[in-house]
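*Asks:* fold the stuff below for me.
(chains A, B, C and D)
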Amino acid sequence: MHKYVIKRLIMLIPVVIGVSFLVFFIMSLAPGDTARTILGEDAPIEAIEALNEELGLNDPVLIRYGRYMVGLAHGDLGTSYKSGRSVFTEVMSRFPDTLKLAFWGMIFAVVLSIPIGIISATKQYSLIDSVSMVFALLGVATPNFWLGLMLIIGFSLHLRWFPSGGSEGWKALVLPVITLGTGCMANITRTTRSSMLEVIRQDYIRTAKAKGVGYRSVIYKHALKNALIPVVTVIGLQFGSLLGGAVLTEAVFSWPGVGTYLVNSIKAKDTPAVLGCVIIFSICFSIVNLCVDILYAYIDPRIKSKYK
Amino acid sequence: MENKKAKKRSMTMEVCQRLARNKMAMLGLAILVVLVLCAVFADVIADYETKVVAQNIANRLKGPSAEHWFGTDEFGRDIFARIIHGSRVSLVVGLISVSVSLILGGILGAFAGFYGGRVDNVIMRVMDIFLAVPSTLLAMTIVAALGSSLVNVMLAIGVSGIPTYARIVRAAVMSVKDQEFVEASRAIGATNVTTIFREIIPNCLAPIIVQATLSVAGAILSTASLSFIGLGVQPPDPEWGAMLSGGRNFLRDAVHLTLFPGLAIVITILALNLLGDGLRDALDPRLKQ
Amino acid sequence: MAEHDSKYTLEIKDLEVQFKTVDGVVKAVNGIDLAIEKGKTLGLVGETGAGKTTTALSILRLVPDPPGKITGGTITLEGKDLFSYSEKEMETIRGSQVSMIFQDPMTSLNPVMTVGDQIAEVIQLHEKIDPKEALEKAKAMLEMVGIPGNRGTEYPHQFSGGMKQRVIIAMALVCNPHLLIADEPTTALDVTIQAQVLDLMQKLREKYGTSMLMITHDLGIVAEVCDNVSIMYAGRIVEHGTLEDIFNSTSHPYTEGLFGSLPNIENRNEQLKPIPGLMPDPTDLPPGCAFHPRCKYCKDICKSRVPAVTKLSDTHLVACLAYEEGTGVTLGGGDNE
Amino acid sequence: MRKVLCTILAGVMTASLLAGCGGGGSDQGNSTKGSSGEAGGSQAINIGINTDVSSLDPHNHNDTASSYATRHIYSNLVRLTDNNEFVGDLAEKWEFVDDMTVEFTLKEGVKFHDGTALTAEDVKYSLESQKESPKVGHLVSMIESVEVKDDTHFIIHMNTPSNALISSLNHSGCAIYSKAHVEKLLADGKKIEDEPMGTGPYKFENWTPGASFTLVKNPDYFDPERAAQNDKLTFKVIPEDSARTIALENGELDLLIDVPFTDAGKIRDNDKLALDEYTSTHVEYFTVNQSKAPFDNVKVRQALSHAINKGDALIASINGEGKVFDNYIGEAAIGYYDVVTKYDYDVEKAKALLEEAGYGDGFTFNCYVSNAKRANSATVIQANLAELGITMNIEQMEASTFYEKTGNSEHDSCIAGWVANAEPDNTYRPLFTSGNAGAGGNRSFYKNPEIDKLVDDAATNSDKAAVQKDYETILKTLSDEAVWVPLYAQTGLIARNADLKGVNPSPIQMHDFYALHY
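*Replies:* Modelled structure (predicted):
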């Protein structure tokens, strides 16, 4: 197992290289006048050209990529075109906030949706089932930013329970976490439900019942662990979309995370900043996926035996 | 051979019958049929030139009335007509982008799961690279690179969805590939490719269908998200997400600007999901007894 | 409820189970009577879909509800009415007084629990015993079914089919049940393994004095392990008797048909005579005798009158109009030998 | 195996939780609201803005949000009054010795935040190092050298005659550093923005990127008339429009600079809030690419000018918070003269002109825009032109893409906006001279040697009357040739708590906040 983990961590290196290549390639496809974006409308053309030269933007793509990779090999994520500061510093100063949002968003989603999924599955075709499925569907059907704005209007403007934005204190966390969490709640609920439905039809559940195992125990001891396998996959995958969804949530709630920074960097064609964000995202996400795969093995011994 | 065909047909029939008995699925299907009809006959219901793009600024932001059932938008255009025409855009974006991710992701996932080992490793590492970039951001970068247009939006959303399908199909394939019926088909000399397509894919269809219905919905939402950050469909095309984004500044004064497109999205997604759930139950081979 | 001695471990009277499906109501079990004497084995024989498994699940009150429902009759276990128990009380009965071995060992074990844990779980549920002891006992039980005790820490996927069935047998017998229901326990196994497993079951059953309901479609197995036999068709018992009665004085045309479907070891050249046709659609059972469409002795009256049970001897019962007075139905003729 | 799992999970969770604590820990001072206006207590003013500061180093930015911070931390040699006049800020006075030489005298007793005195050496160091900056170096490109006479006297030598020197010195990029402080920072391997320090009315306190930055009052500020009347300014970055208004409504903000146009009415109707309106130097315009047919034809351009309903564009894009406009430079700007030819909305006239030009059957072209506001204007124009049989395809894109594509002349037309600063040359030169066609800012690809000459003359001619005449001729020519279709000028909007006093909007977005108080 240790070997497997180490192997997977080593596999991060090609992922980082691949991600940087992919993003660099896409970014270089995108037309954009970086210097003009940085200097503003009123900067004279000489200043634009001087800045382009200084940033090395006049060099061919491959040379720029090569230069970037040399830096990366030395652990240097480069300097933001826009601010002139170290990308690593810039991203890392925002990353904890985004991680905080994503983490609590996921906790919110998981804590609510797994029980709802289980209840809905065990009471299939009942009113509770319909109600929870409608709830789950509304979660997935409601555009994130719209929900966020509605929450602000309701809980910030009218009730004044929570601030409309910012990241100071736990109160500021509530609305963004709900906004972010609801989106993936639906997916986890559905997966839990369908997976649970499938599992409780399995022969071994009948076996367990025939053994005299009580209802709750059947569900939580025998069925849940089996049902969790696809759920864990979804949670892992959702974490990525959670990081992505954080972009809109961060925008709506003025959350000072990487999402907003990344969007602004993409818009400004600030390639080093974009690459830096994406690489750090990718490492984070790969580690989450590694956790998911390890969790698989933890849940399902059939898979564990394959890791050896 | 004949026999096999007949059997297949009857299986499809059986699925349809089971589906037909599911009231919620039928409701979903009915809604979708209405939507498709709206999309097909949009021009009959509301003329594009005079209703969808013709503006009347003096009459902007008006609430629902007999003349404008859903009110008018910030340009004084009829929201009802725009929603009807928007069904075309949304359905096309949803279906095509999901087809792109489903076909490419499904094939990659099936090969990875079936062959395992090095093939699996290579495919899944490439998928990891795609996955490592959150799909919204990948889509955003691609659209930013290729330029905002309907085709690019579909492509970007489609491409960013590939890893999801690859992973799901791979997991499903891995879980069924050691089961007896697969071994059986290999035993009678089926090649790997035919095994994948004939045996494994039909047997992991249920999770894929569930995911696909969600993804069509997701694609419609992603389009809205792209519109939210200014990378959506170009005006004056009526796209629900863009309508929603465009109306967000009027959320408090003229809620109908976001309410109706929002409802259109919610209802469509609901319908897709109901149908998807119904299909899931109908397709599940374990429900046959 | 006072314990009173009953001759029977299990008595089923007039049991009816229905499934409500979209196609209509399926009468899976249609008023059957069964009884198992203490320490004896009853074979319940019939084709797939005859309602055997449903009967078995009824005894455990595990008929999936919805869509299934026990709509009538009584089940008496050790003289006590099963339907009078609360669900909680049923839980204490399952696995301790009544155990069940299921058809497919491949899927009947929880893939994410070690087999040791799965056996120990039954012990812990029914005996006041600490987890460690339970595990020890599980180990011992594994040894008893011929599996090294230390394999208890392994997961089901690490076992072969026969081994899994042994685990299931261990699990079923570990709490020394009064009644063991075996639902086609060997169908999914290789022939050689079948014999071993049957052997093992017999041995253990005898050792513990357990009564057994052996559900099977295999008359060979019946001959080997059963004391009494009930033949089931379309939710009804069509013939019941001792092993002797059924094998030597086969009375019901369906039973006859079942024997006709068996290869004759003595005369290998003899053609098999399978029963023509298929089990009727359970949502749309034919009127009269449910077997009449496939019965070669069928007369008009069979299509309208439901046969009553006729007592041929103290032990031998049959439900066929041919044995009722004045029906005019006779067995014989046709291509009967 | 469990161990590995636990370790990794624990790691992830700890990281998140630490992040949580970090966020929670910085919760100080959140509850002290300036809006309550505690008498005699310290006054903290919260100001809402829509974009974050890009840098706190005046040499390292050229954007409005950053200048809100640096203009309050640093001082310039000169400043612009409400009457569009330049007066000394750090400078006591200045005098043109000749076209190329200006002699400055500094005020006495000006101190940096660290207590050291400002000297002419600091000015020399600041301006000369500014020349190296890619972001604001161009502002002082006319400066050859700075010659220090003594602590308070220095001479600026120019390399070319320029009218833009004094106005440029007002720009936030020409802030004056403390030489000793900067040299020490650089020697320590730090950056100027790590510890911004100047002579301004506020000291830098902290900056949370993406969230907020805070300035505190400098009690030793040199100009008592312009000393801070509040103790603390906190700028909160709120990118989402509706959220910004709500933050003001529920008291999280005292002042809102970037007022969403759709919310202006709501703020006017709210008794607790006030909306200050001012004329800005903003112009929003639609322009065609003259290097392409049929836009090289003046009749076509005039036809477009008649065909577009500016009033509708004004309403559709900024909810009517402005006025339709015919000029090429904002009304409040230096260099604005009301001499342009006006084109009224007249579809028939437009049709006739198109016929004359030979395009009676219409044509198809694209229009590039870089944000939703402009996409709305474009949508109106699209519908207007459709009446003439002209098909205009809108392509909305990111600003950087827009700059690149319009710079490369890929567009047929585009919609853009311009905010003039204190120097008219900074408007006329990039927008209308041949040398700036494309990436320089002249996205009309309008090339007219006459105009080039006039712009050059206005930039260097020391005769104010002549400069005015130059600009008037330029405006007249531009409008006759229908280079742009100016659409509208948006009204500057600042919203505030109704009790907040001391708001003093600047037409060129260089607002001062020192006077804010309850």
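
*Asks:* secondary structure class of the residue in the stretch 151-300 of chain A positioned nearest to chain D, three-state.
*Replies:* Nearest residue of the stretch 151-300 of chain A to chain D: residue A:256, at 3.1 Å (Cβ to the nearest Cβ). Every residue, glycine included, has its C-beta placed from N, CA and C. Three-state assignment for residue A:256 (DSSP: H, G, I helix; E, B strand; the rest coil): coil.

*Asks:* could you measure from it over to residue A:151?
*Replies:* Distance, residue A:256 to residue A:151, using Cβ to Cβ, to the nearest Å: 19 Å.

*Asks:* so for the two, which residue has more residues nearby?
*Replies:* residue A:256 (24 against 21; other Cβ atoms under 10 Å in any protein chain shown).

*Asks:* nearest spatial neighbour of the more buried one, chain-adjacent residues omitted?
*Replies:* Excluding the flanking residues, the one nearest residue A:256 by Cβ to Cβ, 6 or more residues apart in numbering or on different chains is residue D:210, at 3.1 Å.

*Asks:* before we move on, what about residue A:145?
*Replies:* Here the residue nearest residue A:145, using Cβ to Cβ, 6+ apart, is residue A:248, at 4.8 Å.

*Asks:* which residues touch that neighbour?
*Replies:* Counting by Cβ atoms under 8 Å, 6 or more residues apart in numbering or on different chains, residue A:248 touches A:144, A:145, A:148, A:259, B:136, B:225, B:228, B:229.

*Asks:* so how far is residue D:433 from residue D:136?
*Replies:* When Cβ to Cβ is applied, the distance between residue D:136 and residue D:433 equals 21 Å.

*Asks:* coming back round to it: quick one: neighbours of the residue nearest to residue A:256, just the number.
*Replies:* 24.

*Asks:* got a list of what it touches?
*Replies:* A:94, A:97, A:255, A:256, A:257, A:260, A:261, D:52, D:237.

*Asks:* most neighbours among those residues, please name it.
*Replies:* Busiest of the contacts of residue D:210 [other Cβ under 10 Å] is residue A:255, holding 30 neighbours.

*Asks:* the residue of the stretch 101-250 of chain A at minimum distance from chain D: what secondary structure?
*Replies:* Residue nearest to chain D within the stretch 101-250 of chain A: residue A:103 (3.7 Å; Cβ to the nearest Cβ). Secondary structure, three-state DSSP: residue A:103 is helix.

*Asks:* what's the local residue count around it?
*Replies:* Using other Cβ under 10 Å, residue A:103 is surrounded by 21 other residues.

*Asks:* distance of it from residue A:173?
*Replies:* In terms of Cβ to Cβ, residue A:103 sits 10 Å off from residue A:173.

*Asks:* get me the contact residues on the stretch 51-200 of chain B for chain A.
*Replies:* B:125-126, B:128-137, B:140-142, B:144-146, B:164, B:167-168, B:171 (Cβ under 8 Å from any Cβ of the partner chain).

*Asks:* inside helices: which ones of those?
*Replies:* B:125-126, B:128-132, B:135-137, B:140-142, B:144-146, B:164, B:167-168, B:171 (DSSP state H).

*Asks:* list only buried entries from those.
*Replies:* Burial by neighbour count, judged by 16 or more other Cβ atoms under 10 Å in any protein chain shown, picks out B:126, B:128-132, B:135-137, B:140-142, B:144-146, B:164, B:167-168, B:171 from these.

*Asks:* now the helices for chain C?
*Replies:* Under DSSP H, chain C gives helices at C:52-59, C:87-93, C:115-126, C:131-144, C:161-173, C:191-208, C:219-225, C:243-248, C:253-260.

*Asks:* adding distance to chain D, write these out as JSON lines.
*Replies:* Formatted as JSON lines, those follow (distance: least, Cβ to the nearest Cβ, whole Å):
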{"stretch": "helix C:52-59", "distance to chain D": "38"}
{"stretch": "helix C:87-93", "distance to chain D": "31"}
{"stretch": "helix C:115-126", "distance to chain D": "16"}
{"stretch": "helix C:131-144", "distance to chain D": "18"}
{"stretch": "helix C:161-173", "distance to chain D": "24"}
{"stretch": "helix C:191-208", "distance to chain D": "33"}
{"stretch": "helix C:219-225", "distance to chain D": "43"}
{"stretch": "helix C:243-248", "distance to chain D": "53"}
{"stretch": "helix C:253-260", "distance to chain D": "53"}
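
*Asks:* identify the single longest strand in chain D, thanks.
*Replies:* In chain D, assigned by DSSP state E, the strand with the most residues is strand D:484-497.

*Asks:* is that one in proximity to chain A?
*Replies:* No - using Cβ under 8 Å from any Cβ, strand D:484-497 never reaches chain A; the gap is at least 14.6 Å.
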